[in-house]
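> attaching a predicted model along with its sequence, questions to come.
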There are 2 protein chains.
Amino acid sequence: MQSLGCEVAALNTVQFSNHLGYGQAKGTRATAQEITDLYQGLKDSYLDDFQMMLSGYLPGAASVEAVGTIARDLKYKSTMKPGSFFWVLDPVMGDNGKLYVAEDVVPAYKDLIKDADLILPNQFEAETLSGVKIVDMESLKQAITTLHEQYRIPHILITSIAFPTPGATPSLSVVGSTFTSGAEPRIFGIKIPAIDCFFSGTGDMFAALMLVRFREAVHNTDGLMQTAAWVSSDEVDATELPLAKATEKVLASMHEVLTRTKKQRDEELERYHSQVGARDTEADTKKLKLVTSKAAEVRLVRNLDCLKFPEVKFVAEKV
Amino acid sequence: MQSLGCEVAALNTVQFSNHLGYGQAKGTRATAQEITDLYQGLKDSYLDDFQMMLSGYLPGAASVEAVGTIARDLKYKSTMKPGSFFWVLDPVMGDNGKLYVAEDVVPAYKDLIKDADLILPNQFEAETLSGVKIVDMESLKQAITTLHEQYRIPHILITSIAFPTPGATPSLSVVGSTFTSGAEPRIFGIKIPAIDCFFSGTGDMFAALMLVRFREAVHNTDGLMQTAAWVSSDEVDATELPLAKATEKVLASMHEVLTRTKKQRDEELERYHSQVGARDTEADTKKLKLVTSKAAEVRLVRNLDCLKFPEVKFVAEKV
């Protein structure tokens, strides 16, 4: 976000030595009270003039609620100035059919998303929030419709959909929608080739870039930034939504950064194998797992050009 | 550091809502144990392959010691490969004749700096560490000589020296030295015009930029990066030291960023005054103090060009 020109105040909900993809980590979690105190500190010094808020991983139901209270406070302050505050919520709960947070986090998020402007669930999280099992395009549409209707969420972006398509080149889809004034969905999808590698942090990267690019797309649309929740008027088609345009740019950036990361990862692992040779003690197996995680760390700092100057190759199509 | 291409692992020693220039803040300090644990977490996953370490503000003697243990561990690992680890230590203790840390932090730092490669004290901290009161050029040289001799610190940079010079345009000097093989000082100084404004965070900004630019200057000198502590050979003059060249670039970047910040600060305060008008209740006075602090926040994110492309205007002179 900073590399794209945003002034950011980060509130760390955890301080870990490394991400959990390594299978081990040391560090601490901020308590709900600490989160609440930090926000109070910002308010005390008139430092709470945020235009946008992005919430990501939270370590428990109490901190989900604490963050909800902050977002509602910022939202309340902006009531008299429609569009002056926008909340992007990534409801981090799990992936691939499995919860990786405590069970009480689920109802806490269900309560929260009613106040969010844009949510970024993955397929599993979208299922968990909507109660709709996503197995094909029809059920996907149903899930999005439910989220718009039941929770009145203006913008939804499901960040990774993969339907089994035997024989086809592996690909991923991002599917999104901005509702109309009647809460009807306007659904678009963007398909990108899958990269055969497990990366960590791509969800956070996607969320951060979406915040910036969506704001930019809204800013480039006359009057939209002064509209509540930045909802485009009804005549705008799904593929012409600022949300769709922003997603195209974000996916272009990400695909390029991850392609470069994969290349460097493979080279690094090849070097490691040629130095270490084939060994198979338990310690070696563990080290290889850790080295493999490190090799796949997203190469961001040296590739800021990919973020700044995305070359759109995968375009939004109407669903 | 990231904007200049460094991969950084940040270990937060505090999480505060704002810097202490506001006169109030909420938040938490990491304990010495937490600092130690985070480093152990990095080691456990082979993530401790750092080429440089920068240590700054630490909340007490125990955490100063914890950070010292980390730096010594990294240094020990590099013994067989001279120049492969470099520690920049900013001994944050106080300013303008006053300590702002607990008294036991002073001996903790005195114990630590013996293992540092470059220290960045301000005038007060240099006095505290050397035991020499700095009042003129002679005593300044004496302080630097003492630090080189007594603690065997290879590189010293005193970040803000201001001698009373009645009638002259207000200016600041940065004075530095890299010792020779016989621990003799090679002292240079750079004088910059003072900007009439109180900024916070400039010490951290200076330290971060120094780390990057010094590494770059060393990298551009044949073989120096493979030399213990990156100490230039004896025939290199004070003003030709990589440390001097790096300081020139850093001061160019800082002067430009702070000049722009000052301009925007003045505009912001003018707007505030014209909106609010003259009022003088106690609450107004307090708010004005906070608003003034915020207006002086260093404008970094939108001015990365100043960091990336410094235009050297103030050059090092031999002292």
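Arrived safely, thanks for sending.
> tell me who's in contact with A:Lys110.
A:129, A:151 (C-beta atoms under 8 Å, 6 or more residues apart in numbering or on different chains). Bear in mind the C-beta positions are built from the backbone N, C-alpha and C, glycine included.
> gap between it and B:Phe214?
Using C-beta to C-beta, to the nearest Å, A:Lys110 is found at 52 Å from B:Phe214.
> one more: A:Leu258?
In terms of C-beta to C-beta, A:Leu258 sits 33 Å off from B:Phe214.
> of these two, give the one with the bigger neighbour count.
Taking other C-beta atoms under 10 Å in any protein chain shown, A:Leu258 and B:Phe214 do not tie; B:Phe214 has more neighbours (26 against 22).
> can you count the residues close to the closest residue to A:Ala116 other than its chain neighbours?
Nearest in space to A:Ala116, with sequence neighbours left out and distances taken as C-beta to C-beta, 6 or more residues apart in numbering or on different chains, is A:Leu89 at 3.9 Å. Neighbourhood size, A:Leu89 [other C-beta under 10 Å]: 25.
> and what of the one 3 residues further on?
Using other C-beta under 10 Å, the number of residues around A:Val92 comes to 22.
> which of the helices or strands spans it?
If you go by DSSP states H and E, A:Val92 is not part of any helix or strand.
> next up, the contacts around it.
A:56-58, A:101, A:125, A:203.
> pretty sure A:Ser173 belongs to a strand, no?
Yes. Counting by DSSP: H, G, I helix; E, B strand; the rest coil, A:Ser173 is found in a strand.
> tell me what the host helix or strand of A:Leu147 is packed against?
Counting by DSSP H and E, the element that carries A:Leu147 is helix A:137-151. On a contact count with 3 or more C-beta pairs under 8 Å, 6 or more residues apart in numbering or on different chains; DSSP states H and E, helix A:137-151 meets helix A:123-130, strand A:155-161, strand A:171-178.
> just the ones you listed: most buried one?
strand A:155-161 (a mean of 24; mean count of other C-beta atoms under 10 Å in any protein chain shown).
> chain center to that one, what's the gap?
Computed by C-alpha atoms, centre = their mean, to the nearest Å, the separation of strand A:155-161 from the middle of its chain amounts to 9 Å.
> give me the distance between the residue nearest in space to the middle of chain A and B:Tyr76.
Central residue of chain A (C-alpha atoms, centre = their mean): A:Ala207, 3.3 Å from the mean position. Distance, A:Ala207 to B:Tyr76, by C-beta to C-beta: 40 Å.
> could you do A:Leu209 as well?
According to C-beta to C-beta, A:Leu209 and B:Tyr76 sit 40 Å apart.
> surely the residue nearest to the centre of chain A touches A:Pro121?
No. In terms of C-beta atoms under 8 Å, A:Ala207 does not count as a neighbour of A:Pro121; the distance is 11.0 Å.
> name the residues contacting each of those two.
With C-beta under 8 Å, 6+ apart as the test, A:Ala207 and A:Pro121 both reach A:Asp90.
> any chance of the contacts of A:Val92 in JSON lines, plus pLDDT and secondary structure?
Shown next, in JSON lines, are the contacts of A:Val92 (pLDDT from 0 to 100; DSSP: H, G, I helix; E, B strand; the rest coil):
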{"residue": "A:Gly56", "pLDDT": "93", "secondary structure": "coil"}
{"residue": "A:Tyr57", "pLDDT": "91", "secondary structure": "coil"}
{"residue": "A:Leu58", "pLDDT": "91", "secondary structure": "coil"}
{"residue": "A:Val101", "pLDDT": "90", "secondary structure": "coil"}
{"residue": "A:Glu125", "pLDDT": "97", "secondary structure": "helix"}
{"residue": "A:Gly203", "pLDDT": "94", "secondary structure": "helix"}
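> which bits of chain A sit near chain B?
When proximity is defined as C-beta under 8 Å from any C-beta of the partner chain, chain A approaches chain B at A:2-3, A:5-8, A:12, A:15-18, A:22, A:24-28, A:30, A:34, A:37-42, A:44-47, A:287, A:290-291, A:293-294, A:301-302, A:304.
> in the stretch 201-319 of chain A, which spans are helices?
Here the stretch 201-319 of chain A has its helices, by DSSP state H, counting those that start in this stretch, at A:202-219, A:242-276, A:282-295, A:304-308.
> re the thing from before, list the contacts for the residue nearest to the centre of chain A?
Listed by C-beta under 8 Å, 6+ apart, the contact set of A:Ala207 reads A:54, A:56, A:88, A:90, A:120.
> same deal with A:Leu120?
Listed by C-beta under 8 Å, 6+ apart, the contact partners of A:Leu120 are A:88-91, A:157, A:159, A:203, A:206-207, A:210.
> closest to A:Asp234 among the residues you listed?
Nearest to A:Asp234 out of the contacts of A:Leu120 is A:Leu157 (C-beta to C-beta; 19.8 Å).
> surely that closest one meets A:Leu243?
Yes. When contacts are counted by C-beta under 8 Å, A:Leu157 is listed as touching A:Leu243 (6.8 Å).
> can you list residues touching both of these two?
A:118, A:176.
> could I get the phi/psi values of the closest residue to A:Phe50 other than its chain neighbours?
In space, A:Phe50 comes closest to A:Leu74 once its chain neighbours are excluded; the distance is 6.0 Å by C-beta to C-beta, 6+ apart. Phi and psi for A:Leu74, reported as degrees, to the nearest 10, are phi -70, psi -40.
> just A:Met52 next, same as before
phi -140, psi 160.
> just the pLDDT at it, thanks.
Predicted confidence (pLDDT) for A:Met52: 98.
> and for A:Thr221?
Per the predicted model, pLDDT is 97 at A:Thr221.
> go on, A:Ala278?
pLDDT recorded at A:Ala278 is 68.
> closest point of the stretch 151-300 of chain A to chain B, which residue?
When scored by C-beta to the nearest C-beta, the stretch 151-300 of chain A has A:Leu290 as its residue closest to chain B, at 4.8 Å.
> that residue contacts A:Gly21, correct?
No. If you go by C-beta under 8 Å, A:Leu290 and A:Gly21 don't touch, sitting 9.9 Å apart.
> just to revisit the earlier point, next, format the helices of the stretch 201-319 of chain A as a markdown table and append distance to B:Asp222.
Shown next, in a markdown table, are those (distance: least, C-beta to C-beta, whole Å):
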| stretch | distance to B:Asp222 |
| --- | --- |
| helix A:202-219 | 39 |
| helix A:242-276 | 26 |
| helix A:282-295 | 31 |
| helix A:304-308 | 30 |
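> contacting residues for the closest residue to A:Thr221 other than its chain neighbours?
Spatially, and ignoring its direct neighbours in sequence, A:Thr221 is nearest to A:Pro242 (5.8 Å; C-beta to C-beta, 6+ apart). Going by C-beta under 8 Å, 6+ apart, A:Pro242 touches A:178, A:214, A:217-218, A:220-221, A:224, A:230, A:232.
> who's more crowded, A:Leu209 and B:Tyr76?
A:Leu209 (23 against 11).
> could I get the contacting residues of the more buried one?
Contacts of A:Leu209 were listed using C-beta under 8 Å, 6+ apart, and they are A:4, A:249-250, A:253-254, A:307.
> any idea of the mean pLDDT for stretch A:243-256?
The model assigns stretch A:243-256 a mean pLDDT of 98.
> got the contact list for that stretch?
Here stretch A:243-256 has contacts from A:118, A:155, A:157, A:174, A:176-178, A:188, A:190, A:192-193, A:195, A:202, A:205-206, A:209-210, A:213-214, A:216-217, A:238, A:303, A:306-307, A:310-316, using C-beta under 8 Å, 6+ apart.
> how near is the nearest residue to A:Leu120 once chain neighbours are set aside to A:Ser177?
Excluding the flanking residues, the one nearest A:Leu120 by C-beta to C-beta, 6+ apart is A:Asp90, at 4.5 Å. A:Asp90 sits 17 Å away from A:Ser177, going by C-beta to C-beta.
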